[in-house]
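A.B. asks: this one's structure only:
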């Protein structure tokens with residue numbers, strides 16, 4: 001990564017830290033990121049949202065950043081990286097790097113900054 005990219009990320013993450021988010025707004029964000037499309041998947045999706053809430057409020061270092069966009073982003077990232085079950089380590093790696101987990105995290109980033 002070049003210095004420009006690193007500096008851009010640094011600025012974006014600082015901007016996320018300045019975003020204030022209420023608990024209910026975080027829950028609304030999770031509904032947008034993890035929608036329930038059928039009655040059958042609603043329990044699974046509710047469990048995902050609950051795990052994201054747990055990561056948001058109880059993850060390592062979260063106490064200092066709960067209530068910020070940075071805390072929200074990290075709660076979702078923690079869930080995707082450390083809680084979510086993947087079919088294999090290769091599948092996990094691919095999903096986090098360029099698959100569905102990367103897309104979810106990018107969507108969270110975009111929604112939090114807009």
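C.D. replies: Okay, I see it. Predicted model only: the values in this text are computed from it and were never measured.
A.B. asks: so what's residue 56 up against?
C.D. replies: Applying Cβ atoms under 8 Å, 6 or more residues apart in numbering, we find residue 56 in contact with 26, 62, 66, 71-72, 74-76. Any C-beta I mention is one placed from the backbone N, CA and C, and that applies to glycine too.
A.B. asks: how far away is residue 100 from residue 86?
C.D. replies: 10 Å (Cβ to Cβ, to the nearest Å).
A.B. asks: give me the more crowded residue out of these two.
C.D. replies: Between residue 100 and residue 86, residue 86 has the larger neighbour count (other Cβ atoms under 10 Å), namely 15 against 12.
A.B. asks: dump the residue contacts of the more buried one.
C.D. replies: 92, 95.
A.B. asks: how about the secondary structure of it?
C.D. replies: Under the three-state scheme (DSSP: H, G, I helix; E, B strand; the rest coil), the conformation of residue 86 reads as coil.
A.B. asks: give me the phi and psi angles of it.
C.D. replies: The main-chain torsion angles of residue 86 are listed as degrees, to the nearest 10 and equal phi -110, psi 160.
A.B. asks: per-residue confidence for it?
C.D. replies: At residue 86, the predicted lDDT confidence score is 93.
A.B. asks: what do you get for residue 3?
C.D. replies: Each residue has a pLDDT score; the one for residue 3 is 69.
A.B. asks: picking that back up, widest-spaced pair of the contacts of residue 56?
C.D. replies: Put simply, by Cβ to Cβ the two of those set farthest apart are 66 and 76, 13.0 Å from each other.
A.B. asks: and those two? Which one has more around it.
C.D. replies: Residue environment comparison for residue 66 versus residue 76 gives the larger neighbour count to residue 76, 25 against 18, counting by other Cβ under 10 Å.
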